[in-house]
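Student: Can you look at this prediction? I've put the sequence above it.
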Number of protein chains: 2
Amino acid sequence: MGGACVRVLKNEIGKSMSSSTAVGTSSKPGKGNYHHGELRQLLMDSALLHIAAHGTEKLSLRALAREANVSPTAPFRHFANKHALFAALATQGFQRLEERVRVVGQSSLRIDERLLAAALTYIEFADENPVVYQLMFGSILGDFSEFEGLGAAASNAYGELDKLLVEVIEVKQLPYDELMLGGLIWSAIHGFASLRLNVSGQDGGQKNAPELRPRQALIAMSEGLEANLKIMIDGLLGQSS
Amino acid sequence: MGGACVRVLKNEIGKSMSSSTAVGTSSKPGKGNYHHGELRQLLMDSALLHIAAHGTEKLSLRALAREANVSPTAPFRHFANKHALFAALATQGFQRLEERVRVVGQSSLRIDERLLAAALTYIEFADENPVVYQLMFGSILGDFSEFEGLGAAASNAYGELDKLLVEVIEVKQLPYDELMLGGLIWSAIHGFASLRLNVSGQDGGQKNAPELRPRQALIAMSEGLEANLKIMIDGLLGQSS
DNA sequence: CACTTAATGTAATCAGTGCTAACATTCATT
DNA sequence: AATGAATGTTAGCACTGATTACATTAAGTG
């Protein structure tokens, strides 16, 4: 019951199964065939699907285990507890985001174009990986320092944006403190990405209630996204070219 | 175990116990004293404290019932399920936010000053009611249409911002579509508020790791908040006065 | 007032969950 | 072949969300 619209996106999984022998997945437990090697990533991928379908709240490690044809407690060999799984997903997310932003940051475009491209990349990432994004910037995981590597991964990802900020300030001789400009631009980007995920999720596209003004605003802004982002950033950089 | 820093804020509760006979709260069940009248709001207030302390994930209706000296299933008389409680909190939040924004929106200031004041109000609300804010704009509650009144409350709250947008566009003859300008400004405000809640929650203030650059950016922007917000909004409105 | 009715609380119970502890199997390395 | 770390299994505890049937209260009606 309930319209739990499954807004799953393939990009959010994939990129897994780097190596390992890739045993035939089907098979009942207790027959001398231990899973081995691939279970951790398999659980993570499976978790993303479940969260996308029913939310973090209803994710059950036992259900994941069941789905993987594995004993109910097997997941605990890979994740100390449920939140550790979330943290692992978020960490992986930060790493991938960092990688993507670095690529566009190192292109040969002008600095302001690279900044815009980075912003777009950020928003694309949120679009393509909504569940991971929520884990990364939502409130489910409290203090990152409770999970090894998570805080560092988050900081590294931000660092890629930071580089661009330093550069744009120097090139354009902006009167901003680098940290403050970071706060401004980061807020703008994140706000847009975050609202789109949450508000656009409203109404499965069916009953189109009259109470969807906020949603319309975001849809309006989403059309011609790049141009609108440019307005936003240029506004913050104090120029209207 | 775990550094579950209890960042509770009094504003987040309060404003309750509107009327009712206010029976002496202490007393064991099964002694001919039914709670009556105040239990619903009592559960909501209690829930906020629990969520602030241990997160939504670990909130237990049974624990709330226990704390209220009430049978384990009593909460279900007031909330169909756990998420309905969250939804009730979010709905109340939207209503209070709407009220606050309306007040500043109706002041006698210039329109751009009122817009800035509204933005500040929004951010103050998030600061003072972090848990409610996360429920309102986070991903815990999926489709608002599943909860009666929630979608409308959200839309009404946005409506107060909307009024100001319409006015500023007309007065300043801005070349924006009203919906799009709403998307831009709303993103900026929400992004700042949201990041502050989530990122500033990192590190209980103790070990001050070197991996806190993102946090520093937000702190930098938080100092002189009003001035920075003004930069942000003026930037979007395309003026640098 | 007595009587009804809706609202609210209780009691008993169920399936499912996170997690722990003790044990089994496999893999990699020597 | 032997050892030890990694990984999976089995059994079980304490707890949770939720349902059902029943009890009590407050409020309204004649």
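Tutor: Perfect, I can see it now. Numbering: from 1, shown residues only, chains lettered A, B, ... in the order given.

Student: List of residues touching stretch A:160-168?
Tutor: Contact with stretch A:160-168 is made by A:98, A:101-102, A:105, A:111-112, A:114-115, A:118, A:122, A:174, A:178, A:181-182, A:185-186, A:237, B:213, as judged by C-beta atoms under 8 Å, 6 or more residues apart in numbering or on different chains. No exception for glycine: its C-beta is placed from N, CA and C like everyone else's.

Student: ok, 7 Å please
Tutor: Stretch A:160-168 is contacted from outside by A:98, A:101-102, A:105, A:111-112, A:114-115, A:118, A:174, A:178, A:181-182, A:186, B:213, using C-beta atoms under 7 Å, 6 or more residues apart in numbering or on different chains.

Student: Pick out whichever of these sits closest to DNA strand D.
Tutor: Of all the contacts of stretch A:160-168, A:Glu98 has the smallest distance to DNA strand D: 25.0 Å, by C-beta to the nearest atom of the strand.

Student: Could you give the number of residues near that closest one?
Tutor: Residues lying near A:Glu98 (other C-beta atoms under 10 Å in any protein chain shown) number 20.

Student: contacting residues for A:Ala193?
Tutor: A:Ala193 touches A:Tyr122, A:Ile123, A:Ala126, counting by C-beta under 7 Å, 6+ apart.

Student: Can you tell me the element the last one falls in?
Tutor: According to DSSP states H and E, A:Ala126 maps onto helix A:111-128.

Student: Distance from that helix to the middle of the chain?
Tutor: The chain centre lies 13 Å from the centre of helix A:111-128; the measure is C-alpha atoms, centre = their mean, to the nearest Å.

Student: So which residues make contact with the following helix or strand past that helix?
Tutor: Remark: after helix A:111-128, the chain's next helix or strand is helix A:130-137, criterion DSSP H and E. With contact meaning C-beta under 7 Å, 6+ apart, helix A:130-137 is reached by A:7, A:9, A:12, A:48, A:51-52, A:86, A:89-90, A:93-94, A:125-126, A:141, A:190, A:194, A:197, B:139, B:198.

Student: could you check the angle helix A:111-128 makes with the next helix or strand after helix A:130-137?
Tutor: Per DSSP H and E, the first helix or strand lying C-terminal to helix A:130-137 is helix A:150-172. In terms of direction (axes from the mean of the first three to the mean of the last three C-alpha atoms, to 10 degrees), helix A:150-172 departs from helix A:111-128 by 150 degrees.

Student: Distance from the chain centre to helix A:150-172, please.
Tutor: Helix A:150-172 sits 17 Å away from the centroid of its parent chain (C-alpha atoms, centre = their mean).

Student: What are the buried residues along it?
Tutor: Residues A:150-158, A:160-162, A:164-165, A:167-169 are the ones in helix A:150-172 that count as buried (16 or more other C-beta atoms under 10 Å in any protein chain shown).

Student: buried residues in the helix holding A:Ala126?
Tutor: A:111-112, A:114-123, A:125-127.

Student: Remind me what that helix packs against, helices and strands.
Tutor: Secondary-structure packing of helix A:111-128 (3 or more C-beta pairs under 7 Å, 6 or more residues apart in numbering or on different chains; DSSP states H and E): helix A:82-105, helix A:150-172, helix A:178-200, helix A:225-237.

Student: what ranges of chain A fall below the confidence cut-off?
Tutor: Scanning chain A for pLDDT under 70 picks out A:1-11, A:13-36, A:203-211, A:238-241.

Student: quick one, what contacts the residue in it that chain B sits nearest to?
Tutor: Residue nearest to chain B within chain A (C-beta to the nearest C-beta): A:Gly191, separated by 2.2 Å. With contacts defined as C-beta under 7 Å, 6+ apart, A:Gly191 is in contact with B:Ser187, B:Ala188, B:Ile189, B:His190, B:Gly191, B:Phe192, B:Ser194.

Student: out of these, what pair is the most spread apart?
Tutor: Greatest spatial distance among the contacts of A:Gly191 (C-beta to C-beta): B:Ala188 and B:Ser194, at 10.9 Å.

Student: Against B:Gln173, how distant is the residue of chain A closest to chain B?
Tutor: Distance from A:Gly191 to B:Gln173, counting by C-beta to C-beta, to the nearest Å: 26 Å.

Student: cool, A:Leu115 as well?
Tutor: Distance, A:Leu115 to B:Gln173, by C-beta to C-beta: 29 Å.

Student: next one: A:Gly55
Tutor: Counting by C-beta to C-beta, the gap from A:Gly55 to B:Gln173 is 45 Å.

Student: More neighbours: which of the two?
Tutor: A:Gly55 (17 against 7).

Student: and the more buried one, what does it touch?
Tutor: So A:Gly55 contacts B:Gly142 (C-beta under 7 Å, 6+ apart).

Student: Mind doing that once more with 10 Å?
Tutor: Each residue near A:Gly55 by C-beta atoms under 10 Å, 6 or more residues apart in numbering or on different chains is listed here: A:Ala4, A:Val131, A:Gln134, B:His83, B:Ser139, B:Ile140, B:Leu141, B:Gly142.

Student: and those residues, which are buried?
Tutor: Listed as buried from the contacts of A:Gly55 are A:Val131, A:Gln134, B:His83, B:Ser139, B:Ile140, B:Leu141, B:Gly142; burial here means 16+ other C-beta under 10 Å.

Student: Please report the distance of A:Ala74 from A:Glu67.
Tutor: Taking C-beta to C-beta, one finds A:Ala74 at 12 Å from A:Glu67.

Student: who's more crowded, those two?
Tutor: Of the pair A:Ala74 and A:Glu67, A:Ala74 is the one with more neighbours under other C-beta under 10 Å, namely 19 against 14.

Student: how about the nearest residue to A:Ala90, chain neighbours excluded?
Tutor: A:Leu135 (4.3 Å; C-beta to C-beta, 6 or more residues apart in numbering or on different chains).

Student: what about the one you found, how many neighbours?
Tutor: The tally of other residues near A:Leu135 (other C-beta under 10 Å) stands at 26.

Student: Likewise for A:Pro130?
Tutor: 24.
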